[in-house]
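1. structure, please.
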Amino acid sequence: MPYLVMELIEGEPIDRYCETRQLPIPERLRLFRTVFEVVSDAHRRLVVHRDLKPSNILVTADGTVKLLDFGIAKLLQEGPDGRPAADSESSLTALTPAYSSPEQLLGLPIATTSDVYSLGVVLFRLLTGRSPYRTPLVNAHDAIKEVIETEAP
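-> You can find the predicted model right below:
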(Lines give C-alpha, C1' and ligand atoms only; values in the text may rest on other atoms or scores of the structure.)
Protein backbone atom coordinates (compact mmCIF):
# COMPACT_ATOMS: atom_id res chain seq x y z
CA MET A 1 0.00 0.00 0.00
CA PRO A 2 1.50 3.40 -0.95
CA TYR A 3 2.33 5.82 1.85
CA LEU A 4 4.10 9.13 2.32
CA VAL A 5 7.04 9.66 4.67
CA MET A 6 7.99 13.19 5.63
CA GLU A 7 10.94 14.57 7.56
CA LEU A 8 10.17 15.49 11.16
CA ILE A 9 11.22 19.10 11.64
CA GLU A 10 11.87 20.23 15.18
CA GLY A 11 12.00 23.98 15.16
CA GLU A 12 10.24 27.21 15.98
CA PRO A 13 8.25 29.52 13.70
CA ILE A 14 10.64 32.11 12.32
CA ASP A 15 9.01 35.06 14.13
CA ARG A 16 9.14 33.33 17.53
CA TYR A 17 12.71 32.15 16.86
CA CYS A 18 13.79 35.75 16.20
CA GLU A 19 11.94 37.17 19.20
CA THR A 20 13.01 34.61 21.80
CA ARG A 21 16.64 35.08 20.79
CA GLN A 22 16.26 38.84 20.37
CA LEU A 23 18.07 38.60 17.06
CA PRO A 24 19.36 41.87 15.62
CA ILE A 25 17.93 43.03 12.29
CA PRO A 26 20.92 41.82 10.18
CA GLU A 27 20.45 38.27 11.54
CA ARG A 28 16.69 38.40 10.90
CA LEU A 29 17.40 39.51 7.34
CA ARG A 30 19.90 36.66 6.90
CA LEU A 31 17.22 34.15 7.92
CA PHE A 32 14.65 35.82 5.69
CA ARG A 33 17.04 35.77 2.74
CA THR A 34 17.20 31.99 3.09
CA VAL A 35 13.39 31.83 3.02
CA PHE A 36 13.36 34.06 -0.05
CA GLU A 37 15.89 31.82 -1.82
CA VAL A 38 13.82 28.69 -1.11
CA VAL A 39 10.62 30.35 -2.35
CA SER A 40 12.48 31.69 -5.38
CA ASP A 41 13.62 28.16 -6.19
CA ALA A 42 10.03 26.92 -5.96
CA HIS A 43 8.94 29.74 -8.29
CA ARG A 44 11.60 28.78 -10.84
CA ARG A 45 9.99 25.34 -10.81
CA LEU A 46 6.57 27.03 -11.35
CA VAL A 47 5.34 26.19 -7.83
CA VAL A 48 3.41 28.82 -5.85
CA HIS A 49 3.24 27.98 -2.13
CA ARG A 50 0.06 30.03 -1.43
CA ASP A 51 0.29 29.81 2.38
CA LEU A 52 3.50 31.53 3.43
CA LYS A 53 3.34 32.54 7.09
CA PRO A 54 5.66 32.29 10.09
CA SER A 55 4.20 28.98 11.29
CA ASN A 56 5.11 27.42 7.92
CA ILE A 57 8.69 28.68 8.17
CA LEU A 58 10.53 26.84 10.94
CA VAL A 59 14.04 27.47 12.19
CA THR A 60 15.84 24.53 13.80
CA ALA A 61 18.06 24.78 16.87
CA ASP A 62 21.15 25.09 14.64
CA GLY A 63 19.58 27.98 12.67
CA THR A 64 18.54 26.01 9.58
CA VAL A 65 15.43 27.40 7.87
CA LYS A 66 12.80 24.90 6.71
CA LEU A 67 9.79 25.81 4.57
CA LEU A 68 6.80 23.59 5.35
CA ASP A 69 3.28 22.81 4.21
CA PHE A 70 3.05 22.80 0.45
CA GLY A 71 -0.45 21.34 0.94
CA ILE A 72 -2.22 24.06 -1.04
CA ALA A 73 0.68 24.81 -3.39
CA LYS A 74 -0.16 25.25 -7.06
CA LEU A 75 1.83 24.22 -10.10
CA LEU A 76 1.63 27.00 -12.67
CA GLN A 77 1.83 26.66 -16.43
CA GLU A 78 4.63 28.32 -18.34
CA GLY A 79 3.49 31.37 -20.29
CA PRO A 80 4.40 32.17 -23.92
CA ASP A 81 7.33 34.29 -22.73
CA GLY A 82 8.79 31.36 -20.74
CA ARG A 83 7.79 32.88 -17.40
CA PRO A 84 5.13 31.46 -15.06
CA ALA A 85 1.62 32.35 -16.18
CA ALA A 86 -1.10 33.39 -13.74
CA ASP A 87 -3.22 30.58 -12.36
CA SER A 88 -6.41 30.32 -14.39
CA GLU A 89 -8.29 28.95 -11.39
CA SER A 90 -10.17 31.73 -9.62
CA SER A 91 -11.89 29.86 -6.82
CA LEU A 92 -11.04 30.78 -3.25
CA THR A 93 -8.95 28.07 -1.61
CA ALA A 94 -7.85 27.50 1.97
CA LEU A 95 -5.74 30.43 3.07
CA THR A 96 -4.51 32.38 6.07
CA PRO A 97 -6.16 35.82 5.82
CA ALA A 98 -3.44 37.71 7.73
CA TYR A 99 -0.78 36.66 5.18
CA SER A 100 -2.77 36.26 1.96
CA SER A 101 -2.35 38.46 -1.08
CA PRO A 102 -5.22 40.63 -2.34
CA GLU A 103 -5.74 38.34 -5.35
CA GLN A 104 -6.02 35.31 -3.07
CA LEU A 105 -8.53 37.07 -0.83
CA LEU A 106 -10.62 38.10 -3.82
CA GLY A 107 -10.46 34.64 -5.41
CA LEU A 108 -8.64 36.00 -8.47
CA PRO A 109 -6.00 34.15 -10.51
CA ILE A 110 -2.72 33.94 -8.66
CA ALA A 111 0.90 34.03 -9.74
CA THR A 112 4.25 33.97 -7.99
CA THR A 113 3.56 37.56 -6.95
CA SER A 114 1.02 36.20 -4.45
CA ASP A 115 3.86 34.55 -2.55
CA VAL A 116 5.96 37.71 -2.81
CA TYR A 117 3.15 39.67 -1.13
CA SER A 118 2.96 37.09 1.69
CA LEU A 119 6.73 37.23 2.11
CA GLY A 120 6.44 41.00 2.51
CA VAL A 121 3.93 40.54 5.34
CA VAL A 122 6.24 37.99 7.01
CA LEU A 123 9.23 40.34 6.65
CA PHE A 124 7.23 43.24 8.12
CA ARG A 125 6.46 41.07 11.18
CA LEU A 126 10.11 40.00 11.53
CA LEU A 127 11.35 43.59 11.45
CA THR A 128 8.65 45.28 13.53
CA GLY A 129 7.20 42.52 15.69
CA ARG A 130 3.68 43.21 14.46
CA SER A 131 1.37 42.86 11.50
CA PRO A 132 1.25 45.60 8.86
CA TYR A 133 -2.52 45.72 9.37
CA ARG A 134 -4.32 47.81 11.97
CA THR A 135 -6.81 45.12 12.95
CA PRO A 136 -6.49 41.34 13.34
CA LEU A 137 -7.42 39.59 10.11
CA VAL A 138 -9.27 36.49 11.27
CA ASN A 139 -11.53 35.91 8.28
CA ALA A 140 -11.53 36.64 4.57
CA HIS A 141 -14.16 39.41 4.86
CA ASP A 142 -12.09 41.38 7.41
CA ALA A 143 -8.94 40.76 5.40
CA ILE A 144 -10.50 41.99 2.14
CA LYS A 145 -11.66 45.19 3.81
CA GLU A 146 -8.28 45.86 5.45
CA VAL A 147 -6.01 44.78 2.60
CA ILE A 148 -7.96 46.29 -0.27
CA GLU A 149 -9.29 49.47 1.34
CA THR A 150 -6.45 50.47 3.68
CA GLU A 151 -2.98 51.60 2.78
CA ALA A 152 -0.33 49.65 4.70
CA PRO A 153 2.20 51.62 6.74
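2. can you tell me which residues contact the spatially most central residue of the chain?
-> Of all residues in the chain, the one closest to the mean position by Cα atoms, centre = their mean is Leu52, 1.8 Å from it. Contact analysis of Leu52 by Cβ atoms under 8 Å, 6 or more residues apart in numbering lists Val39, Tyr99, Asp115, Ser118, Leu119, Val122. C-beta here means a position set from N, CA and C on the backbone, and glycine is covered the same way.
3. and the next element down the chain from the helix ranked longest in the chain?
-> Taking DSSP state H as the assignment, the helix of the chain that covers the most residues is helix 25-44. With elements assigned by DSSP states H and E, the helix or strand that comes after helix 25-44 is strand 47-48.
4. ok, now how distant is the residue nearest to the centre of the chain from Pro24?
-> 23 Å (Cβ to Cβ, to the nearest Å).
5. least trustworthy helix or strand in this structure by mean pLDDT?
-> Lowest by mean pLDDT, DSSP states H and E among the helices and strands of the chain is strand 74-75, with a mean of 76.
6. note down every partner strand of that one and its orientation.
-> Here strand 74-75 has these sheet partners by DSSP bridges: strand 47-48 (antiparallel).
7. after the strand it pairs with comes which helix or strand?
-> Later in the chain than strand 47-48, the nearest helix or strand by DSSP H and E is strand 57-60.
8. distance between whatever helix or strand comes next after that next one and the chain's centre?
-> Using DSSP H and E, the helix or strand that directly follows strand 57-60 along the chain is strand 65-67. Distance of strand 65-67 from the chain centroid (Cα atoms, centre = their mean, to the nearest Å) equals 12 Å.
9. now stretch 101-111
-> Between the centre of stretch 101-111 and the centre of its chain there are 13 Å (Cα atoms, centre = their mean).
10. thought Ser55 was touching Gly11?
-> No: counting by Cβ atoms under 8 Å, Ser55 sits too far from Gly11 to count as a contact (10.8 Å).
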